[in-house]
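In: compute the structure for the input listed below.
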Amino acid sequence: MKKQKSLIALLVCLALCLISMIGTWCGITDGGNVKVYDLSIDTNKGDVVRFLEYRPKTASAENPVPAIIYSPGNDSTAESVRLASVELARRGYDVFVLDLLSAGHSSIGVGNSTTFGFQELIDYVYDNLDYIDNAHIGIAGYSKGGGNVVRVMNDYGTQQREDPDHYVRKVDAALIMAPPFSPLGDVAKGINLGFAAGLYDPYSRIGFAPVEGYWPGDLSVKREMKETINFGVPGTFAEADLDNPDVKVEIGHTYGSFSENTARVVYNPADSTHGSGMISRGFIFATVDFFMKAIPAPNPIDANNLTYLSVMLFSALGLVALLAMTVPVTLLLLDTPLFAAMRHPAKPPVSALNTKKDWTIFVVASLIAGFVPPIMAPVIIQQTSKIFSLTGQGTTGSIFVYGVANNVVVWMMFSALFLLAMFFLFYNVIHKKNGVKLADYNIKVSLADVGRIILMVFAVVLTCRSVVWFADYFFKVDFRLVDLSMATMNWNHLRVSLCYAPFFILYWCINSLTMNGCNRFKNMSEGKNLLLCVLCNTLGTVVVVLVYYICLYKTGCGIGAFGNWKAYMMLSYMILSATAGPIINRKIYNATGSLYLGPAVFGTLIAIINTAVYTLPAA
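Out: Residues are numbered from 1 along each chain as shown. Purely as a prediction, here's the structure:
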């Protein structure tokens, strides 16, 4: 009976994955009207630049279409820009998005290109594709990608001024989004220009002079934005108006003329911070709105008509289904001869809270354990560079090459040690005096079971990766929620991601000791107890994240130093795993009585999910 339930659960998860694949594919391809190609080019310096092309089926040598070439930001890959790409492609633009050099599947060649391969891709599209109308090419970039757009535009400006006879106008319009600001007076003339930065984006403070009485991210009062408009449309703002906050830039208004290639447009989306710009409706609207005005769309659809949300939801459905699938796959493998020795249903709970005092201590200890790590996150991740500097290699090392993932690992290790300390404190104050022994929590594990756990991890991860491979091969899609993703990875990517797995496993083993050991109570139903464990795991993080973002949207500044946004974005991503982990681990624990099998399986999978977006180039 249990085997039949596991089989049904597995089939349901696979069905949800298939629905995710089909739904995501339909959204990305506009129901088959756009085809997605995974391509690469070789540069003259020997680098390989990988890119995705979203090509409308109407594009041909007889019917060339305009193109938009997009640069993602730091710690992002071409897939990260999927939502904006979809919206542009369904309007008839051919969209190209690259993996920057030393990211994704592009080669390691940071020093070989000032724009990390972006300008090389622009040249390739302009010079080589007969189905592209190369008189109408737009470029865009977000964060580091926005900086790439500025560098390209400055380079064109230099050519235009110093060698006008050989200057070639390759770009018709450029949209700069959310980079640290630098003056735009040297960019090429005769190119329509847009600038966008979030009202709540910490990067809106970099390069801009503060204006007293206004939020740091309010572009409407910035002297720098008025100057940018004046560079394209001289005289729009008088000298006396530049520092007068009563004279404002009209957000979204076209200064100059698109038809005369003098247009300047400023966007200031109010629905995102820096880390969420790629899913922000405001940024996606700004991208579509700007290019539809600058370069007429072959398939004009109002810029407010956005369908990207369905793509995001279908893709996230697959990620959740893939995580849920780990339970039935593990339970079914336990019925095979190789793993049958591990199937030992968990013994009844040995811990109890017998008095109001016990409950009070439990609640207080749980709140401390749940709130201290997220509150300390901004401080803890600042130690990452200090820890890795001991190796003499800065914020990363030769093995642990992902800067953002290193922040996650350092914070998780602090959280694990703090949780372990709270476990021993709670055990000694409450459970030990009630006669519970540490041995009652099944802490010991045999060497044979360690071997079986390793094999089980391999089998479950391989099964999940097979579903991901299927999704990529037949539908050219992956499973993701913002930057949490299960995407295709070559061996080198997977090898590096697996280097992070032991840290995730260690954290979840300690979490399992707490949740499946001393937090399982007598005389409490399984459902109530599991809900209690999920709350213990997530409540502090959810509250801390909410407080930060409420403060951000109330004041425009968030809490603490400029760089703290990275810590709170990290915590936001952690909520999914903090919710799924206790549930998955408990289901596996109930079937095996092992504190370690669930954490090993889940920890490995979540390590891959957390590092897939920072994929390392093939060596």
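
In: show me the domain layout of this structure.
Out: The chain breaks down into these structural domains: 33-306, 355-613 (assignment by automatic domain parsing).

In: hmm, residue 181 and residue 206 touching each other?
Out: Yes. The criterion here is CB atoms under 8 Å, and residue 206 meets it with residue 181 at 6.2 Å. Placement of C-beta: from N, CA and C, glycine included.

In: between these two, which one's more packed in?
Out: In terms of neighbours (other CB atoms under 10 Å), residue 181 is the more surrounded of residue 206 and residue 181; the figures are 23 against 14.

In: does the more buried one touch residue 209 like I think?
Out: No. The pair residue 181 / residue 209 is not scored as a contact, 10.1 Å apart, by CB under 8 Å.

In: any shared contact partners between those two?
Out: residue 224 (CB atoms under 8 Å, 6 or more residues apart in numbering).

In: pull the contacting residues for the residue nearest to the spatial centre of the chain.
Out: Nearest to the mean C-alpha position of the chain, by CA atoms, centre = their mean, lies residue 483 at 1.7 Å. In this structure, residue 483 makes contact with 75-76, 80, 573, 613, judged by CB under 8 Å, 6+ apart.

In: one more pass at 10 Å, please.
Out: Applying CB atoms under 10 Å, 6 or more residues apart in numbering, we find residue 483 in contact with 75-77, 79-80, 275-276, 278-279, 404, 569, 573, 609-610, 612-614.

In: next, it: phi, psi?
Out: When read as degrees, to the nearest 10, the backbone of residue 483 gives phi -100, psi 10.

In: now residue 352
Out: Phi and psi for residue 352, reported as degrees, to the nearest 10, are phi -150, psi 150.

In: got it, and residue 140?
Out: With angles defined as degrees, to the nearest 10, residue 140 sits at phi -150, psi 160.

In: residues touching the closest residue to it other than its chain neighbours, list them.
Out: Taking CB to CB, 6 or more residues apart in numbering as the measure, residue 140 lies nearest to residue 175, with 4.1 Å between them; neighbours along the chain are not counted. Shown here is residue 175, whose contacts under the criterion CB under 10 Å, 6+ apart are 68, 70, 138-142, 146, 149, 192-196, 265, 267, 283, 286-287, 289-291, 294.

In: if you set the cut-off to 8 Å instead, what comes out?
Out: 138-141, 149, 193-196, 286-287, 290-291.

In: between those residues, which is nearest residue 375?
Out: Top of the list for closeness to residue 375, among those and by CB to CB, is residue 196 at 32.5 Å.

In: got the contact list for the closest residue in space to that closest one that isn't next to it in sequence?
Out: Ranked by CB to CB, 6+ apart and with sequence neighbours excluded, the top spatial neighbour of residue 196 is residue 267, at 3.8 Å. Applying CB under 8 Å, 6+ apart to residue 267 gives the contacts 194-197, 251-252, 282-283, 286, 289-290.

In: got any ranges where the chain has weak pLDDT?
Out: Applying pLDDT under 70 to the chain flags residues 1, 110-112, 388-398, 613-619.

In: again, only this time at 80
Out: Applying pLDDT under 80 to the chain picks out residues 1-2, 75, 108-113, 205, 385-404, 482-483, 488-493, 562-563, 612-619.

In: thinking again about what came up before, give me the subset of the contacts of residue 175 lying in helices.
Out: 149, 286-287, 290-291 (DSSP state H).

In: could I get these as a markdown table with neighbour count and distance to residue 155?
Out: As requested, the ones in helices among the contacts of residue 175 are exported to a markdown table (neighbours: other CB atoms under 10 Å; distance: CB to CB, whole Å):
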| residue | neighbour count | distance to residue 155 |
| --- | --- | --- |
| 149 | 29 | 11 |
| 286 | 27 | 24 |
| 287 | 27 | 22 |
| 290 | 28 | 21 |
| 291 | 29 | 21 |
